[in-house]
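[1] this one's sequence-less:
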């Protein structure tokens, strides 16, 4: 396919995806009651403002449902929401970004102070589609097809990637021309070598627990030592923040670009806004703003006075105020530019690169972590700002999230990482094979099923365990635990299986592991909500209950997985995407318990093989030998 045709295809697919998102939210708002929208995670009703504050200068309002756990699962940190009254439409409904969220509270950051009614009495928070992402992605398509993309198009259309014969830069001058260091194994060293020699682009393929982000941090450290300016990106805010935390741990400084509401609270001091506010020019600008506001208040008082000349005096004061504000804006812009000029590493989400702050800026190196979770046009936004790039990810774990069936069928779910692997194979990538997370018994099946048996466990983790059964598969066949669709939802739940999962969680906790080191994972949000309600007291103690997608990149001492599906037809739904199950099976360090209906899931070859593996290794258990908790609390 010609590059122009590829760009046009991606544009159509992005349009399809955007329309699907709009249509789903519009349909939900028109067809579903508020209660049903809550059940689907699209709204939170009857919340009240309990605290007002600020976040990097923006108004921050914290809401809660008194005496209740919050609903609205899709209103997570970074989501765009609108505040509404339950029955009375308003012309001044404010929109903001979810800054923080706990089980009982949600904090929303606004650009302007919300109206009084939005903080006085009960209101509704509704999820909103944001056009910004799609505008930025389609803008990237146009730029890649134009002059800016000329440098990258050969590689993207099949030209062989270029590599130097030796690692780049004055490594000897900065002490980087050293033998392999003990903390990097042979494959990690090979990945670092490939990244250092890449003239265009290199890929680090990192299966679960193999240290791909560790490699990326070292790639960045070496580039900074050579004097290169580095752009560090990822598809999600959480992944960017994780990368920043790792860089700080390695002794590197970085400036985080993005809305403060989307940044972890512990990292706010590293944001561009915080660094700019601390700059001397910004302090001077703040003084000018205060002086301008005084002049405006003075102008208002003069207009209300009697006597000659009051209007001319007010006009002069207004003119002087505008001049001071203009000077303040110029000073603030210069302060921001100087902060970015001095930053050795700038971090942002892929779509966040297109904000005004980074306009016109270029970097010697761009790195993208979790690159396999980004649609291809999102990855292009980083390439367009850099001379070369290193992408890290695993195309056998979670793919990009695509809502539209047409967009998925057209290939929008294929990341740039995956497409480059298909185009260039091993010439452009190194696969890491030694994992530092899982007991060998937990690792073995994902390794055999998805990585041709190549993964091996580091000796330090190969045999660590909580008991003598690191892997247990609890087969509920014949117990009558049937799946169901919660009212007003398109998700799935399984009440009987949920009660058994709670019992398994209690068994794990009885081994002495802290609740904060245990996770309960399910592919279905309906089951997650049911399990959270059942495990409410344990959640208060730190136990986490979430979807598979919410645990990408995470790990815990012990994990209990609920598969949910149980039906006579053998339908497994999106369990058929085995990349999602790869994530679920590889989050546990020392103990993994998988609960599911073998008769149903074995209709899919991946799960049939998994059950045979469990039986062959002594990990299979019948749910008839396990006792569920008796009833919901």
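    Everything's here; your move. Keep in mind that this is a model prediction, so the values were computed, not measured.

[2] make it CA atoms for all contacts and neighbour counts henceforth
    Will do.

[3] thinking residue 215 is in contact with residue 192, fair?
    Yes: assessed by CA atoms under 8 Å, residue 215 is found in contact with residue 192 at 6.8 Å.

[4] break down the stretch 501-633 of the chain into its helices, ranges please.
    Here the stretch 501-633 of the chain has its helices, by DSSP state H, counting those that start in this stretch, at 525-534, 536-540, 578-585, 598-601, 605-616.

[5] again but with the stretch 251-400 of the chain, I slipped
    272-277, 280-304, 310-342, 376-383.

[6] what's in contact with stretch 143-153?
    With contacts defined as CA atoms under 8 Å, 6 or more residues apart in numbering, stretch 143-153 is touched by 3, 4, 7, 200, 380, 383, 384.

[7] picking that back up, closest to residue 471 out of the helices of the stretch 501-633 of the chain?
    helix 605-616 (8.1 Å; CA to CA).

[8] for the closest one, which positions count as buried?
    Residues of helix 605-616 classed as buried: 606, 607, 608, 610, 611, 613, 614 (neighbour count, 16 or more other CA atoms under 10 Å).

[9] need those residues in CSV with distance to residue 167 and pLDDT, can you?
    Listed next are these as CSV, based on distance: CA to CA, whole Å; pLDDT from 0 to 100:
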residue, distance to residue 167, pLDDT
606, 41, 97
607, 44, 97
608, 46, 97
610, 43, 98
611, 46, 98
613, 44, 98
614, 45, 98
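
[10] want to throw the residues you listed into JSON lines with distance to residue 458?
    Output for the buried residues of helix 605-616, formatted as JSON lines (distance: CA to CA, whole Å):
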{"residue": "606", "distance to residue 458": "26"}
{"residue": "607", "distance to residue 458": "27"}
{"residue": "608", "distance to residue 458": "28"}
{"residue": "610", "distance to residue 458": "23"}
{"residue": "611", "distance to residue 458": "26"}
{"residue": "613", "distance to residue 458": "22"}
{"residue": "614", "distance to residue 458": "22"}
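
[11] just name the closest of those residues to residue 65, please.
    residue 607 (40.7 Å).

[12] residue 599 is in contact with the closest one, correct?
    No: judged on CA under 8 Å, residue 607 makes no contact with residue 599 at a distance of 10.0 Å.

[13] which strand runs longest in the protein?
    For the chain, the strand with the greatest residue count under DSSP state E is strand 43-55.

[14] contacting residues around the following helix or strand past it?
    Counting by DSSP states H and E, the element after strand 43-55 in chain order, helix or strand, is strand 58-64. Contacts with strand 58-64, where a contact means CA under 8 Å, 6+ apart, come from 47-54, 70, 104-114, 119.

[15] now the buried members of these.
    Counted by 16+ other CA under 10 Å, the contacts of strand 58-64 give 47-50, 70, 105-110, 114, 119 as buried.

[16] coming back round to it: the longest strand of the chain relative to strand 58-64, how many degrees between them?
    140 degrees (axes from the mean of the first three to the mean of the last three CA atoms, to 10 degrees).

[17] who does strand 43-55 touch, helix- and strand-wise?
    Secondary-structure packing of strand 43-55 (3 or more CA pairs under 8 Å, 6 or more residues apart in numbering; DSSP states H and E): helix 34-39, strand 58-64, strand 122-127.

[18] nearest to residue 570, out of those?
    Once the helices and strands packed on strand 43-55 are compared by CA to CA, helix 34-39 is nearest, at 26.2 Å.

[19] who's in contact with that closest one?
    When contacts are defined by CA under 8 Å, 6+ apart, helix 34-39 is touched by residues 28, 29, 43, 44, 45, 71, 72, 487, 488, 489.

[20] what about the strands in the stretch 51-200 of the chain?
    58-64, 80-84, 95-101, 105-110, 122-127 (DSSP state E, counting those that start in this stretch).

[21] out of those strands, which one sits most buried?
    Mean neighbour count (mean count of other CA atoms under 10 Å) peaks for strand 105-110 among these, with a mean of 24.

[22] chain center to it: distance?
    Computed by CA atoms, centre = their mean, to the nearest Å, the chain-centroid distance of strand 105-110 equals 18 Å.

[23] what's in contact with it?
    Identification of contacts with strand 105-110 by CA under 8 Å, 6+ apart yields 54-55, 58-65, 70, 94-101, 261.

[24] redo that, cut-off 6 Å
    Applying CA atoms under 6 Å, 6 or more residues apart in numbering, the contact partners of strand 105-110 are 59, 60, 61, 62, 63, 64, 96, 97, 98, 99, 100.

[25] in ChimeraX, how would I select just the buried ones from the contacts of helix 34-39?
    The buried residues among these can be selected in ChimeraX (16+ other CA under 10 Å) with this line:
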select :28,29,43,44,45,71,72,488,489
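
[26] which of the contacts of helix 34-39 has the weakest pLDDT?
    Among those, residue 488 has the lowest pLDDT, at 67.

[27] for the record, mean pLDDT for stretch 536-543?
    Stretch 536-543 comes out at a mean pLDDT of 88.

[28] right, I mislabeled it, should have said stretch 413-420
    96.

[29] got the end-to-end distance for stretch 62-73?
    End-to-end distance of stretch 62-73 (CA to CA, to the nearest Å): 17 Å.

[30] cool, and stretch 67-79?
    Stretch 67-79 has its terminal residues 24 Å apart, counting by CA to CA.
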